[in-house]
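> Sequence below, structure please.
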Amino acid sequence: MRSRRFASLTAHCKRYSQRRRAVSKISDFAADQAEAVASAIHGEVDRVSQTLTSRIRVLADRYASPLPQIVDEVAALAAKVDGHLKKMGEGSRGGAENAE
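The predicted model follows:
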């Protein structure tokens, strides 16, 4: 009876040891996968951040000048063009208006 109990206990210990090793391997695998996923997420966040930063720079450059300043520059350039046209004898930019 005692040897049977000892054999049974030994078998249980062996199975427990095998299960414990299996659990340890699964834990290691899960940890490795978690690191891989975390690394992939970090890389994706970096990529998206760089894309957004680039887009913000483009928009900042596009809208760097306020509209009133641009309107003033257009008016100044239009006046220059009118002056050159008058010197050439063409009148103002509105040629059809001056044809009457």
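> and the protein, what are its domains?
If you go by automatic domain parsing, the domain ranges for the chain are 1-62, 66-93.
> can you count the residues close to residue 85?
By the criterion of other CB atoms under 10 Å, residue 85 has 16 neighbours. Quick note: C-beta positions are derived from backbone N, CA and C, even for glycine.
> can you pull the buried residues of whatever helix or strand it lives in?
Taking DSSP states H and E as the criterion, residue 85 maps to helix 67-87. For helix 67-87, the buried set under the neighbour-count rule, 16 or more other CB atoms under 10 Å, comprises residue 85.
> what about it, distance to the chain center?
41 Å (CA atoms, centre = their mean, to the nearest Å).
> now swap in stretch 21-28 and tell me
Averaging C-alpha positions (CA atoms, centre = their mean) puts stretch 21-28 37 Å from its chain's average.
> can you check stretch 46-58 too?
5 Å.
> Name the surrounding residues that touch it.
For stretch 46-58, there are no surrounding residues in contact (CB atoms under 8 Å, 6 or more residues apart in numbering).
> Now the helix or strand containing residue 18: average pLDDT?
For residue 18, the host element (DSSP H and E) is helix 2-62. Helix 2-62 shows a mean pLDDT of 90.
> Ok, stretch 70-88 next?
Per-residue pLDDT values across stretch 70-88 average out to 94.
> Tell me the gap between that stretch and the middle of its chain.
How far stretch 70-88 lies from its chain's middle: 43 Å, per CA atoms, centre = their mean.
> now stretch 5-19
Centre-to-centre, stretch 5-19 and its host chain are 55 Å apart (CA atoms, centre = their mean).
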